[in-house]
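In: Take a look and give me a structure for this.
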Amino acid sequence: MADINGRTINAEKVTYLINYTAERPDNEHMTYHFTITATLASDEFLVVGIGLLCTITVNGSSEDVRIKDSQFVWSGGDTRVRTVSVTCPSNTPDTDQPVTFKVVSDGSFSTTVGVVTNSAYTVRSAPLLSTACEAPTTCSLDVTVAETSAVLSWSGAAGGINNDIVGYEIQYSESSDNSTWGSWIALTVVSTTETFGSLTVSPSEIRGYYRRFRVRTRGSAGESYYSTWRVSSNSVRWNSWPIKPTSVTASPAAYTNENITITWSGASSPTSAIKGYMIARRTSTDNATWSSWSALDVFDHPEPSGSRVVVPLYIPGIYLQYGVWTIDIFEVYSSEEISNSVFCALTACGAPTYCDISAALAEGSITLSWSGASGGVGNPITAYEVQYCDSTDNISWGSWTAIDIVETTETFGSLSVAPPDLRGNYRKFRVRARGTIGEAGYSGWTESSGSVRRKRLPPAPEIAAPADGSSTFNTSPRVLITTGVEPDGQTQIVEVKFDSGEWHNSVDDAELFSESGELGDNAKTVFMGVVLEAGIHTLHVRCYDGTTQTRSAEVARTFTVLDSPFEVIIANISKVKASHMHALRTAVNYSRQYYGFDEAALESDIIAGKTYIRDWPYHIFEIRENLAEVISLLRLYGGTSEFGLPGFEWIDTGLGRPRADVMNQLQSILLSL
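Out: Residues are numbered from 1 along each chain as shown. From the prediction side, this is the model:
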């Protein structure tokens, strides 16, 4: 069937043009507004007494409108416009509905003009109207008491027609008594298309106050189509503070080695159950000024009263107080209730009255001894703690360093200790008694009355002869030695060896030293008596401290033992020549160099066949003068013994060419230097 809108229906002598508009008054009905334009044929005339009645029926609902009243005429060619509205059931959008258009003759005179008896068409329904969303049917909180949060849940919401769910709006209000409520305050908007939802919410910011919530459904059609509000069926309260115990006692009031019993009662929690308690402790030295609290224990105990055994501080003379806090199931703490004071009647150990070491100078271990210590009340001695500190000058000391714990219950004790690793540094010690109650009951420190140090090495000796790289004609060469200043005032033993031979020392080989035994500071001695073959030799000299068994650094010298450069001169047979004099001069310079002197300063050369015989005594005197320094040095070290140079007188040179005895005396002395 066709839509009737714009349709022309031809009846006898009458043409009907039908138009309509549609509107939906609600989602159960449609109203159609029809306009009927009727035109009578020009060759027709309807007289008085003829009537035409039009009936339009839509989906079972009908309305009438009169096309021609019987008391009026309708002249041919005239057009009459009539309107009529029909409201019918309709709950589906954009749907064709059946419509009939009927015109009957109902005047006193019957006619067939303009009559329509069978016309079937359709009209089109309008879209359904938008409707509001439906509020949730349930809305509640998962808890009625909370410390931090609760969960608000809702369900049963529904969208409207042309109005899908897009979210939910949540508000809250507060009350101090869960009866009289304040104004609603916007909280948040939850975006979702579901018919249910939940949100984590907070209780009131005022402890003990109540908070309730309400929710409404938001739709896509806008605020005019939001649902009504659904108020939560219950409220949530911010948990009230738990209440501290009304009484806390600590016993005994004075203690030594026993524990303390804390007893409390009268605790409560107005809005939640008691979970447990916290116990803390504070200290005082005068029972008036107290330290801050130090927590001891947090434990579960859901009862309003109880007791707890705690370990006190075993510090002689200290006062203690204990605080007890109530804790509810939300971990909220009450304020504290404070116990009476308890006093520690313990006393500290007494420090040793004596503390000393067995030696002031040592290479190895020494003994630290102490005595005169005592235990305290309830605090017997269990051990001794030993520490040390070091110094470079026995005045300014470093920090103390722990050595050992000596376990003993005696009032005295000893410990093997060592000097510093660094030679020459000093070390002192201190000792304190330990008791059963721990560090608070330890005695004060007692320092050793003296200090110990590891001996400093003896100084290397000075070697006056031989000079390094020098030469000698003496096959039993002298070594001129001077000891250094011993830093610790100890005596020194001189040790000497040649090449890789054995060491000789001034105690065990006294016959080889001009000054033997243990020598003091700056002591001079001559070592002699070891026969060497001609050639290059290395001398090693060092000093040894027999008490601490320490040795100085070695001093080394390399020198050469030469064969005799002299010819044999026989009295009244050999004639002294320039070569003899040259050999003497050369030997003098070797000797001077060996003993650390510069070469001889000779004024003139001796030339065979040219030097005057009368000048030869002068050259002899010149040689003797250049030996004088060497002889003085030897006698400084070895006196006139064989270690130095035995006393002698120079033979008179006479005049002219030197005699054999004069020459032989010089050769003999030079070979023995």
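In: can you give me the strands for the stretch 301-450 of the chain?
Out: Ranges of strands in the stretch 301-450 of the chain, per DSSP state E, counting those that start in this stretch, are 306-310, 319-328, 333-338, 342-344, 354-357, 366-371, 381-391, 401-407, 413-417, 426-435, 446-447.
In: now do the stretch 501-650 of the chain
Out: Using DSSP E, counting those that start in this stretch, strands in the stretch 501-650 of the chain cover 504-505, 524-527, 535-545, 550-551, 555-561.
In: ok, and which of the ones you listed has the densest surroundings?
Out: Of all the strands of the stretch 501-650 of the chain, strand 524-527 carries the top mean neighbour count, a mean of 23, counting by mean count of other C-beta atoms under 10 Å. Bear in mind the C-beta positions are built from the backbone N, C-alpha and C, glycine included.
In: now for that one, which elements pack on it?
Out: On a contact count with 3 or more C-beta pairs under 8 Å, 6 or more residues apart in numbering; DSSP states H and E, strand 524-527 meets strand 479-482, strand 493-498, helix 616-638.
In: Which positions in the longest one come out as buried?
Out: Along helix 616-638, the positions that meet the burial threshold by neighbour count (16 or more other C-beta atoms under 10 Å) are 616-617, 619-620, 622-624, 626-627, 629-631, 633-635, 637-638.
In: pull the CA atoms of it into CSV?
Out: Extracted C-alpha coordinates of helix 616-638, given in CSV (Å, rounded to 0.1, in the frame of the first residue of the first chain):
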residue,chain,number,x,y,z
TRP,A,616,167.4,14.8,47.4
PRO,A,617,167.1,15.3,51.2
TYR,A,618,164.5,17.9,50.5
HIS,A,619,162.5,15.3,48.5
ILE,A,620,162.8,12.9,51.3
PHE,A,621,161.4,15.5,53.7
GLU,A,622,158.6,16.2,51.2
ILE,A,623,157.6,12.5,51.2
ARG,A,624,157.6,12.4,55.0
GLU,A,625,155.4,15.5,55.3
ASN,A,626,152.8,14.0,52.9
LEU,A,627,152.7,10.8,55.1
ALA,A,628,152.2,12.9,58.3
GLU,A,629,148.4,13.3,57.7
VAL,A,630,148.1,9.5,57.2
ILE,A,631,150.1,8.7,60.3
SER,A,632,148.0,11.2,62.4
LEU,A,633,144.8,9.6,61.1
LEU,A,634,146.0,6.1,62.0
ARG,A,635,147.0,7.1,65.4
LEU,A,636,143.7,8.9,65.9
TYR,A,637,142.0,5.6,65.4
GLY,A,638,144.6,3.0,66.6
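In: Look up phi and psi at Pro420.
Out: Note on Pro420: its backbone torsions stand at phi -60, psi 150 [degrees, to the nearest 10].
In: Mind listing what's buried along the host helix or strand of Met663?
Out: Element membership for Met663 (DSSP states H and E) is helix 660-672. Of the residues in helix 660-672, Ala660, Val662, Met663, Asn664, Gln665, Leu666, Gln667, Ile669, Leu670, Leu671, Ser672 count as buried by neighbour count, 16+ other C-beta under 10 Å.
In: Between those residues, which sits nearest Thr353?
Out: Lowest distance from Thr353 to the buried residues of helix 660-672 (C-beta to C-beta) belongs to Ser672, with 67.8 Å.
In: per-residue pLDDT, the closest one?
Out: Ser672 carries a pLDDT value of 85.
In: Once you drop chain neighbours, what's closest to it?
Out: Asn474 (6.0 Å; C-beta to C-beta, 6 or more residues apart in numbering).
In: Ok, Val116 next?
Out: Val103 (4.3 Å).
In: tell me the contacts of that neighbour?
Out: Taking C-beta atoms under 8 Å, 6 or more residues apart in numbering as the criterion, Val103 is in contact with Ala11, Val14, Tyr16, Leu52, Leu53, Cys54, Thr55, Ile67, Gly114, Val115, Val116.
In: Kindly report the same for Arg124.
Out: Arg124 neighbours (C-beta under 8 Å, 6+ apart): Asp3, Asn5, Ala22, Asp94, Thr95, Asp96, Gln97.
In: and if you look at Ala359?
Out: Ile366, Val452.
In: Swap in 6 Å and give it another go.
Out: Ile366 (C-beta atoms under 6 Å, 6 or more residues apart in numbering).
In: how far away is Gly639 from Thr271?
Out: 112 Å (C-beta to C-beta, to the nearest Å).
In: Mind checking which of the two has more residues around it?
Out: Neighbour count, other C-beta atoms under 10 Å: between Gly639 and Thr271, Thr271 has more, with 19 against 16.
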